[in-house]
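J.: model the structure of this input:
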Amino acid sequence: MTFELQHTDPRSNARAGLITTDHGQIETPIFMPVGTVGSVKGVHLRELKEDIGAQIILGNTYHLYLRPGLDIIEQAGGLHKFNGFDRPMLTDSGGFQVFSLAGIRKMKEEGVEFRSHIDGSKHLFTPERVMDIERSIGADIMMAFDECAPGTSDYEYARKSMELTHRWLDRCIARFNETEPRYGYLQSLFPIVQGCVYTDLRKRSAEYVASKNAEGNAIGGLAVGEPTEKMYEMIEVVNEILPADKPRYLMGVGTPVNLLEGIERGVDMFDCVMPTRNGRNGMLFTKDGIMNMRNKKWENDFSPIEADGASYVDTMYSRAYLRHLFHAQELLAMQIASVHNLAFYLWLVKEARRHIVEGDFSSWKPGMVKRLSTRL
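T.: Model prediction:
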């Protein structure tokens with residue numbers, strides 16, 4: 001994998017770059033639709049590629065390991081062959097999911113023992129095992145196995161968790177280096193910065209991660225309960241240390257405004273379930289603000305969902321019709337909303353990139369943030 005830094009904003013840390021993998025190129029800043037079990041919920045592959053314009057999607061190691069299982073994925077020839085998405089993919093290590101299983105997991109130096117949320121069966125994730133699983137899944141970008149401490153963690157817990165993540169990172173790198181890709185193309189490993197909301201821990205972790213000279217780096221453990229302004233502060237602290245010639249991935253974030261704030265602070269890659277999850281519940285993100293499609297105000301509104309929207313669904317369906325579908329509990333409502341929101345997120349990062357290239361991102365961003373924050 002290579003990363004070319006192409007443009008920087010003269011008045012902020014916003015940047016535009018190009019990631020090249022064996023499955024294609026990714027223009028940054030970029031948003032990655034979340035395909036947890038190898039599928040972006042409610043979205044057809046054709047829509048994902050042609051209408052939404054997804055350059056890269058994310059899969060989850062924990063969920064894919066449990067179902068359909070590695071045997072099926074390996075028989076298919078890797079996740080790309082299994083789900084038909086022939087562009088770049090990234091796999092989360094499953095750390096966040098495993099550590100969310102409060103009460104049915106035990107953590108120790110070796111790794112994490114947990115019970116499946118599907119059938120209660122017992123499993124063990126170690127750094128070495130996770131590297132082997134991600135090799136089997138075959139994503140272009142693999143994430144290191146880490147502990148994601150809650151945003152409300154006290155200092156001592158956050159410190160011990162960060163140090164454990166560092167030790168696990170060393171084991172991940174060792175296993176990655178002693179194994180080979182399985183399907184004839186290269187894979188890259190991204191370490192993850194942790195440290196909760198504590199500046200000194202974030203600096204230590206960023207320095208440790210930067211010292212590994214990986215092909216890209218990630219910022220984890222944010223948007224997990226801490227105040228938004230604290231999240232932005234931690235991004236600034238970390239990005240002052242992470243190398244500028246490598247892509248920076250902010251994991252699990254977030255709202256459209258979060259994306260613009262992250263881009264301004266030097267983040268290149270994002271993922272979040274929000275556009276699809278919120279869409280399935282009737283929330284649409286648009287260029288002029290947020291729409292709750294269940295509200296009565298849309299009942300007689302026969303105008304397009306978004307007249308100059310980012311996807312074909314925006315002009316094909318009216319607001320009144322989409323509201324009707326949600327109230328009738330039609331599956332089509334969730335599909336339309338998911339396609340719209342994902343297309344909007346991809347439009348937003350592409351528009352941010354355009355303004356970075358043109359040199360006016362800093363003057364464009366404040367007005368856009370105000371518009372995106374409006375409740376329609």
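J.: pLDDT weak spots in the protein?
T.: In the predicted model, the chain carries pLDDT under 70 at residues 102.
J.: ranges for the helices of the stretch 251-376 of the chain?
T.: With DSSP state H, counting those that start in this stretch as the criterion, the stretch 251-376 of the chain has helices at 256-264, 274-280, 312-316, 319-327, 331-358, 361-372.
J.: can I see the domain layout of this protein?
T.: Using automatic domain parsing, the domain parsing of the chain gives 2-272, 273-366.
J.: to Leu372, which of those domains lies closest?
T.: Leu372 lies closest to domain 2-272 among those, at 4.7 Å (Cβ to Cβ). All C-beta spots, glycine's among them, are computed from the backbone N, C-alpha and C.
J.: quick one: that closest one to chain centroid distance?
T.: On the basis of Cα atoms, centre = their mean, to the nearest Å, domain 2-272 sits 7 Å off its chain's mean C-alpha point.
J.: start and end of that domain, how far apart?
T.: One end of domain 2-272 sits 24 Å from the other (Cα to Cα, to the nearest Å).
J.: check stretch 86-105 too.
T.: End to end - Cα to Cα - stretch 86-105 spans 35 Å.
J.: can you tell me how far the residue nearest to Leu90 when sequence neighbours are not counted is from Ile72?
T.: Take Leu90 and drop its neighbours on the chain: the residue closest to it by Cβ to Cβ, 6 or more residues apart in numbering is Ile141, 4.1 Å away. Ile141 sits 22 Å away from Ile72, taking Cβ to Cβ, to the nearest Å as the criterion.
J.: settle it for me: which of those two has more neighbours?
T.: A direct count of neighbours by other Cβ atoms under 10 Å for Ile141 and Ile72 places Ile141 higher, at 27 against 11.
J.: excluding its backbone neighbours, what's nearest the residue nearest the centre of the chain?
T.: With distances taken as Cα atoms, centre = their mean, Asp271 lies nearest the centre of the chain, 1.8 Å away. Nearest residue to Asp271 in three dimensions, chain neighbours excluded: Met32, at 4.2 Å (Cβ to Cβ, 6+ apart).
J.: picking up where we left off before, I'd say the residue nearest to the centre of the chain and Gly59 touch.
T.: No. Shown here, Asp271 and Gly59 do not form a contact pair, counting by Cβ atoms under 8 Å, at 10.5 Å.
J.: overlap in contacts of the two?
T.: Leu90 (Cβ atoms under 8 Å, 6 or more residues apart in numbering).
J.: what about the helices in the stretch 1-150 of the chain?
T.: For the stretch 1-150 of the chain, the helices defined by DSSP H, counting those that start in this stretch cover 45-46, 61-66, 70-76, 79-83, 95-99, 127-137.
J.: mind checking which of these is nearest Asn239?
T.: Closest among those, once you apply Cβ to Cβ, is helix 95-99, at 20.9 Å.
J.: quick check: closest non-adjacent residue to the residue of the chain most remote from its centre.
T.: Distance from the C-alpha centroid of the chain peaks at Asn300, with 36.2 Å (Cα atoms, centre = their mean). Spatial nearest neighbour of Asn300, chain neighbours left out: Ala320 (6.1 Å); criterion: Cβ to Cβ, 6+ apart.
J.: surely the one you found is in contact with Pro304?
T.: No. Using Cβ under 8 Å, Ala320 is not in contact with Pro304; the gap is 10.6 Å.
J.: near His327, how many other residues are there?
T.: Neighbours of His327 under the rule other Cβ under 10 Å: 14.
J.: please report how far the residue lying closest to it once chain neighbours are set aside lies from Ala337.
T.: Closest residue to His327 apart from its sequence neighbours, by Cβ to Cβ, 6+ apart: Arg294 at 6.9 Å. Here Arg294 is placed at a distance of 11 Å from Ala337 (Cβ to Cβ).
J.: what touches both of these two?
T.: With contacts defined as Cβ under 8 Å, 6+ apart, the residues shared by Arg294 and Ala337 are Gly282.
J.: in stretch 356-369, what's buried?
T.: Neighbour-count burial for stretch 356-369, counted by 16 or more other Cβ atoms under 10 Å, picks out 356, 361, 364-365, 368.
J.: Thr152: what secondary structure?
T.: The three-state assignment at Thr152 reads coil, by DSSP: H, G, I helix; E, B strand; the rest coil.
J.: which ones are touching the residue nearest to His327?
T.: Applying Cβ under 8 Å, 6+ apart, one finds that Arg294 lies in contact with 282, 323, 326-327.
J.: ramachandran coordinates for it?
T.: Dihedral pair for Arg294: phi -90, psi -10, per degrees, to the nearest 10.
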